[in-house]
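*Asks:* Fold the following for me, if possible:
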Amino acid sequence: MRAWKVLSRQSLKFVELVPEHILHLPTARFILKINNDQSRKVITMGSPGHHRHVGLLELTCWKHDDWHETLLTENITEIELDVRFDLNLLNRVKRFPPLKIKLLSFSHNTIDSIEDSAFADLTELKNLDLSHNNMNQKSFPELAFLGTYNGSKNYFPLPIEFLTLAHNNIHSIDKNLFDHLPYLESLDMSGNPLKILEGNMKQALAELRNLQVLDLANTSIDSIPKGMLHDLLDLKTLNLADNRFHEVPEELSNSHNLSVLILNGNKFHLLNAASFPESLGALERLDISYMPTLKEIDTGAFGNLKNLRVLQCHHNRKLTKISDGAFMGITEDPQHWPIREMYLNNNGIHVLHKAMAAWEYVDKLNIQNNPFRCDCNIQWMVEILIPEIQSAKKEYVLDVTCREPEKMRGTSLVMLSVEHEEFLKCPPGDGQSLGLNEEDLRLPTYQFQAVGVVILAIGVVLIVIGLSILTVLVVKRRAIAHALMVHHQIRYERAEQDEEDLHPYGNNRKF
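*Replies:* As a prediction, this is how the structure comes out:
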């Protein structure tokens, strides 16, 4: 081996030793990259960790289990390490030798099996990443996370606090899998085809009493089993994004201290006063974005979320209505309005009501890419809201434009705000469109056309009915007149009798 005595952090960029093995490493912060293709080891001075003696060990291009022997040949047992085997072709995790590993990652391999007690000797391991592999239920023996034997028929627990099992092929797990992980604070199961959480999965999760973060995004679930959240007293963040929920899970009423709830990409149609129970009163961030079927947010929907600080409600293309009472009950005093950030961009919203929120207390408000209907209902937005948004964050008004009426399509609300003295001529009452002059204050042309067609149709019908009635009256009158003339007509005839026949006392009279 080539000899070297001192590494200067200021001058040394890297040391490449090919193809010898490293027999000794300095007890300082370093990055050790072991590339199996070229049998090379590179040491660079840096600051990859927060501790003085923490280093980063990267092992790449490994296809077999010989990485295990490589670790044993390196004299690194006294160095605190972050070890990454990412982007290799490893298919098995063998038992590790005693090393001071803080972080261990096998992400993006082909791992499908883990040995019993594989991590038992890693007594300082805090973060374990097994994401993006081929693991299923059979990949995890019941003793996969077993600690070292303590000599009294028991085993020491593993110190793991962060466990990532995301994007594997896990449908379920052994109910006792996490029994030896009492310190686990964060569990990521996202991207697995779980479908249901009943049975073993429910029991395994319910035992994680110190869990603070649970990620179940994109797991094809449509419900949470009753009672699953009851014992998770410290759970702070729950990610249920991209699943098959049609409404907010009822089991959330059994949660205790949730501060972050992510529901993006689910199948909600309506959010109302029953959607978020009082048990979510500690919630500080709510994500309800990318929902393809969400159409309406009704009165009182957010009323119980009295500590909400951030509302992410964007990219819901069918969301056309947010009730002006959606936040009713969230506070009694507008000056104590809790929400500081609202992201309402890329929805289908036509108008935002002034009474909906205490807008002046919202520090960040994004309402871009909504199809606003520029009538006098949004006059307050043009005069008050847009200038406030622009003064706080200019980029949030770059694409706030009119969609309707047609003559104003594409008109910037910022432009209307800047030149409001000329543009805003709204008379008392609502519903008329914003415009430049009296002509613009009238209803749009297409509305006139529709009204004209209706009036014309009604007029034609009335004329036809009138003519019909008149015709009937004329015919009846003529018939009556004809009947009267026939009944009273006088006929005159010529007289041809003899005179004596005409005398009242003629000779023909007999006595």
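
*Asks:* and the residue nearest to Leu158 when sequence neighbours are not counted, what element?
*Replies:* Closest residue to Leu158 apart from its sequence neighbours, by CB to CB, 6 or more residues apart in numbering: Gly147 at 5.0 Å. (Each C-beta comes from the backbone N, C-alpha and C, glycine too.) Here Gly147, judged by DSSP states H and E, is contained in no helix and no strand.

*Asks:* Verify the stated contact: Gly147 with Asp179.
*Replies:* No - Gly147 sits out of contact with Asp179 when judged by CB atoms under 8 Å, with a separation of 10.2 Å.

*Asks:* Pick out whichever of those two has more residues nearby.
*Replies:* Taking neighbours as other CB atoms under 10 Å, Gly147 and Asp179 compare with Gly147 leading, 21 against 17.

*Asks:* where exactly do the helices run in this protein?
*Replies:* Counting by DSSP state H, the chain has these helices, from start to end: 67-73, 200-206, 379-380, 386-392, 413-418, 420-423, 438-441, 445-487, 499-502.

*Asks:* mean confidence for the shortest one?
*Replies:* Mean pLDDT, taken over the full extent of helix 379-380, equals 91.

*Asks:* in the stretch 301-450 of the chain, what spans have low per-residue confidence?
*Replies:* Residue ranges of the stretch 301-450 of the chain with pLDDT under 70: 420-450.

*Asks:* for it, what spans make up the strands?
*Replies:* Under the criterion DSSP state E, counting those that start in this stretch, the stretch 301-450 of the chain contains strands at 310-312, 321-322, 341-343, 364-366, 372-373, 402-404.

*Asks:* got TSV for these, with mean neighbour count and distance to Leu271 too?
*Replies:* Shown next, in TSV, are the strands of the stretch 301-450 of the chain (neighbours: other CB atoms under 10 Å; distance: least, CB to CB, whole Å):
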stretch	mean neighbour count	distance to Leu271
strand 310-312	19	12
strand 321-322	20	9
strand 341-343	18	15
strand 364-366	18	19
strand 372-373	20	21
strand 402-404	18	23
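
*Asks:* Tell me which of those sits nearest to Asp86.
*Replies:* Of all the strands of the stretch 301-450 of the chain, strand 310-312 sits nearest to Asp86, with 30.0 Å by CB to CB.

*Asks:* Show me the strands paired with the closest one, marking each as parallel or antiparallel.
*Replies:* Note on strand 310-312: by DSSP bridges, its sheet partners are strand 285-287 (parallel), strand 341-343 (parallel).

*Asks:* Please tabulate those in CSV, including the columns distance to Asn366.
*Replies:* Listed next are these as CSV, based on distance: least, CB to CB, whole Å:
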stretch, distance to Asn366
strand 285-287, 14
strand 341-343, 5
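
*Asks:* related to what we said a few turns ago, so who does the residue nearest to Leu158 touch?
*Replies:* With contact set as CB atoms under 8 Å, 6 or more residues apart in numbering, Gly147 has these partners: Ser117, Ala120, Tyr155, Phe156, Pro157, Leu158, His180.

*Asks:* ok, so of the residues you listed, who is nearest Met342?
*Replies:* Set against Met342, the nearest of the contacts of Gly147 by CB to CB is Leu158 (41.9 Å).

*Asks:* Give me the neighbour count for that closest one.
*Replies:* For Leu158, the count of nearby residues is 25 (other CB under 10 Å).

*Asks:* now swap in Val461 and tell me
*Replies:* Neighbours around Val461, by other CB under 10 Å: 10.

*Asks:* Poorly predicted segments of the stretch 1-150 of the chain, please.
*Replies:* For the stretch 1-150 of the chain (pLDDT under 70), the answer is 1-77.

*Asks:* ok, so what distance separates the residue nearest in space to the middle of the chain from Phe85?
*Replies:* When CA atoms, centre = their mean is applied to the chain, the residue found nearest the centroid is Ser289 (2.0 Å). Distance of Ser289 to Phe85, computed by CB to CB, to the nearest Å: 35 Å.

*Asks:* what about stretch 237-244, distance to the chain center?
*Replies:* Using CA atoms, centre = their mean, to the nearest Å, the distance from the centre of stretch 237-244 to the centre of the chain it belongs to is 9 Å.

*Asks:* Show me the protein divided up by domain.
*Replies:* 1-83, 390-466 (automatic domain parsing).

*Asks:* Can you name the residues that contact Leu229?
*Replies:* Counting by CB under 8 Å, 6+ apart, Leu229 touches Leu235, Glu251, Leu252, Asn254, Ser255, His256.

*Asks:* burial count for Lys476?
*Replies:* Per other CB under 10 Å, the neighbour tally for Lys476 reads 10.

*Asks:* scratch that, Ala457
*Replies:* Count around Ala457 with other CB under 10 Å applied: 10.

*Asks:* Chain neighbours aside, what residue packs nearest to Val414?
*Replies:* Nearest residue to Val414 in three dimensions, chain neighbours excluded: Val397, at 5.3 Å (CB to CB, 6+ apart).

*Asks:* picking that back up, kindly reformat the contacts of Gly147 as a markdown table containing distance to Lys102.
*Replies:* Output for the contacts of Gly147, formatted as a markdown table (distance: CB to CB, whole Å):
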| residue | distance to Lys102 |
| --- | --- |
| Ser117 | 19 |
| Ala120 | 16 |
| Tyr155 | 21 |
| Phe156 | 17 |
| Pro157 | 17 |
| Leu158 | 13 |
| His180 | 19 |
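
*Asks:* tell me which of those residues is nearest to Gly410?
*Replies:* The closest of the contacts of Gly147, once distances to Gly410 are taken by CB to CB, is Leu158, at 59.7 Å.

*Asks:* nearest to Leu352, of the contacts of Leu229?
*Replies:* Closest approach between the contacts of Leu229 and Leu352, by CB to CB: Leu252, at 27.7 Å.

*Asks:* got the contact list for the closest one?
*Replies:* Applying CB under 8 Å, 6+ apart to Leu252 gives the contacts Ile224, Leu229, Leu238, Leu258, Leu261, Phe276, Pro277, Ser279, Leu280.

*Asks:* Could you pull out the strands in the stretch 151-300 of the chain for me?
*Replies:* Along the stretch 151-300 of the chain, counting by DSSP E, counting those that start in this stretch, strands occupy 162-164, 186-188, 213-215, 237-239, 260-262, 270-271, 285-287, 296-297.

*Asks:* Tabulate these (TSV), appending mean pLDDT and distance to Lys102.
*Replies:* Output for the strands of the stretch 151-300 of the chain, formatted as TSV (pLDDT from 0 to 100; distance: least, CB to CB, whole Å):
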stretch	mean pLDDT	distance to Lys102
strand 162-164	98	11
strand 186-188	98	15
strand 213-215	98	19
strand 237-239	98	22
strand 260-262	98	26
strand 270-271	98	42
strand 285-287	99	29
strand 296-297	98	44
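
*Asks:* any chance of those in JSON lines, with mean neighbour count too?
*Replies:* Shown next, in JSON lines, are these (neighbours: other CB atoms under 10 Å):
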{"stretch": "strand 162-164", "mean neighbour count": "20"}
{"stretch": "strand 186-188", "mean neighbour count": "21"}
{"stretch": "strand 213-215", "mean neighbour count": "20"}
{"stretch": "strand 237-239", "mean neighbour count": "20"}
{"stretch": "strand 260-262", "mean neighbour count": "19"}
{"stretch": "strand 270-271", "mean neighbour count": "20"}
{"stretch": "strand 285-287", "mean neighbour count": "19"}
{"stretch": "strand 296-297", "mean neighbour count": "22"}
